[in-house]
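In: Build the 3D model from these lines:
(one chain, ligands or ions: 1)
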Amino acid sequence: MGQYTLETVPTPALIVDEVAVDRNLARMQAYVNQHKLRLRPHTKTHKSVYMSRKQLAAGAAALTVAKVGELQTMAQAGDDLLLAYPALDPARTEVVAQVARSKTVRVAVDSQVAADRLAAAAVAAGSTIGILVDYDTGMHRTGLQTAQQTVDLAQHVSRTKGLRLDGLFCYPGHINDTDPAQMIPRLKDVNAMLLAVLEQWKRLGLNTGIVSGGSTPAAWQAHHITAYTEVRPGTYIYNDRFVAGGGWCQWEDCAATILTTVVSDAVPDQCIVDAGGKTLTYDRSAKAPVLNFGNVREIQGAFIRGLSEEHGMVDLKDAARRPKLGERVNIVMHHVCPCVNLHDRGWLKKADGSLEPLPIDARGKVV
Ligand SMILES: Cc1ncc(COP(=O)(O)O)c(C=O)c1O
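Out: Below is the predicted model:
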């Protein structure tokens, strides 16, 4: 592979700045410590055993995954893993039950069917699976709809061999107001919903030990949800154009970028970089007045307005300058999580500027 530098590494290349990563981890850990919350970062953002270990070393209590392939991979890093996904088909339940033989494994579920299938797999494997009951606090993706439904499922789980009721789960990922004055009342509404459920659970003697929620945009206001015992931000480790553009971090906190080369400048008011949809994903802001798939870090006002598979069309109309042909520029991608998933390997930029290969261990694990 040779000893690459930022000047020689073949582009496009996923570059992860370790100094920015460490700063992001330390800041989040200080926040959760201050508010006596446990941090269970979602590893879907980095998909890297190295980064999971870093999060745990920085003080995270446990890890979150979405896929059973990620569960198997991250079991190399941690002993307490939450599968934040309703895994109910045999291909998934069997893996969960196997991993639970040697690790603490919990799954967020919103149906008796999922609970029963996980229970059957656990009994067959001789393990016990922890269950968090998923409650819909407004995102309307998964989650039970009423407090009574959570009670019914929690009671069912408590009675079922192979399962252990560990608490409540929600994902208020829809709360992403840029203005805290708007965000805080919405978080307080979620808190009221959770507290009402917990009151019923406590009255019935159901285990409320874990109340798990949280995302990156609302991470810094998570203390307004007093019901939480733990939070699960994922994107905060790298951040991206969505997070910085929303004002939930500074642009310099965007630790992951795609290093590109300018390969064409023949068309007026634009240039082409060698990162298209295959490298960046086609993800972009749904709210943006103009399409923007990523900002050029080095050139104020330059952004990617269009993509084909291998071409990134950089809009230079309002750019501070035109890049030269062959120049290398970094793209702060709109959405880092699916972008990372497109790369077999990133490059870790160390504090001294050197590059080390960064395996993306759980990339492509769609099951
Ligand atoms: C269930 C769940 N929890 C936590 C997270 C982390 O949220 P974020 O990416 O905003 O950090 C996600 C992200 O998709 C999620 O789906």
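In: what about stretch 160-177, distance to the chain center?
Out: Distance of stretch 160-177 from its chain centroid, counting by Cα atoms, centre = their mean, to the nearest Å, is 16 Å.
In: Let me know whether that stretch sits next to the ligand.
Out: Yes. Stretch 160-177 is in contact with the ligand by Cβ under 6 Å from any ligand atom, via 171, 173. From N, CA and C alone the C-beta is placed, and that goes for glycine too.
In: now the end-to-end length of that stretch.
Out: In stretch 160-177, first residue to last residue: 40 Å (Cα to Cα, to the nearest Å).
In: Repeat that for stretch 231-245.
Out: End-to-end distance of stretch 231-245: 22 Å, with Cα to Cα as the criterion.
In: And for stretch 333-352?
Out: Start-to-end span of stretch 333-352 (Cα to Cα) is 24 Å.
In: cool, and stretch 354-367?
Out: Start and end residues of stretch 354-367 are separated by 35 Å (Cα to Cα).
In: buried sites along it?
Out: Going by neighbour count (16 or more other Cβ atoms under 10 Å), the buried part of stretch 354-367 is 355, 358, 360, 361, 362, 363, 365.
In: Touching that stretch from outside, list them.
Out: For stretch 354-367, the external contacting residues (Cβ atoms under 8 Å, 6 or more residues apart in numbering) are 1, 4-6, 9, 14-16, 43, 46-50, 65, 67-70, 73-74, 76, 91-92, 340-350.
In: Just put the buried residues of stretch 354-367 in JSON lines and tack on pLDDT.
Out: Output for the buried residues of stretch 354-367, formatted as JSON lines (pLDDT from 0 to 100):
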{"residue": "355", "pLDDT": "98"}
{"residue": "358", "pLDDT": "98"}
{"residue": "360", "pLDDT": "98"}
{"residue": "361", "pLDDT": "98"}
{"residue": "362", "pLDDT": "98"}
{"residue": "363", "pLDDT": "97"}
{"residue": "365", "pLDDT": "97"}
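In: And stretch 51-61, what's buried?
Out: Buried residues in stretch 51-61 (16+ other Cβ under 10 Å): 51, 52, 53, 54, 55, 56, 58, 60, 61.
In: Could you list which of those also contact the ligand?
Out: By Cβ under 6 Å from any ligand atom, no member of the buried residues of stretch 51-61 lies near the ligand.
In: These in helices, which ones?
Out: Members of these lying in helices (criterion: DSSP state H): 51, 52, 53, 54, 55, 56.
In: Mind picking the one among those that's closest to residue 220?
Out: The shortest gap between residue 220 and any of these belongs to residue 55, at 17.4 Å (Cβ to Cβ).
In: hang on, the earlier thing: of the buried residues of stretch 51-61, just say which sits nearest to residue 301.
Out: When these are compared for distance to residue 301 (Cβ to Cβ), residue 51 wins out at 31.8 Å.
In: Tell me which residues touch the closest one, please.
Out: 21, 43, 237.
In: so how far is the ligand from the first one?
Out: Between residue 21 and the ligand the distance is 14 Å, computed by Cβ to the nearest ligand atom, to the nearest Å.
In: right, and that residue touches residue 237 too?
Out: Yes. Counting by Cβ atoms under 8 Å, residue 21 touches residue 237, with 6.1 Å between them.
In: Can you narrow the buried residues of stretch 354-367 down to the ones near the ligand?
Out: By Cβ under 6 Å from any ligand atom, no member of these lies near the ligand.
In: give me the beta-bridge partners of residue 163?
Out: residue 129 (DSSP bridges).
In: For it, give its distance to residue 355.
Out: 46 Å (Cβ to Cβ, to the nearest Å).
In: Show me which residues of the protein sit near the ligand.
Out: 42, 84, 171, 173, 215, 216, 232, 233, 234, 235, 236.
In: The third one and residue 139 touch, don't they?
Out: In other words, residue 171. Yes. At 5.9 Å, residue 171 and residue 139 qualify as touching, with contact defined as Cβ under 8 Å.
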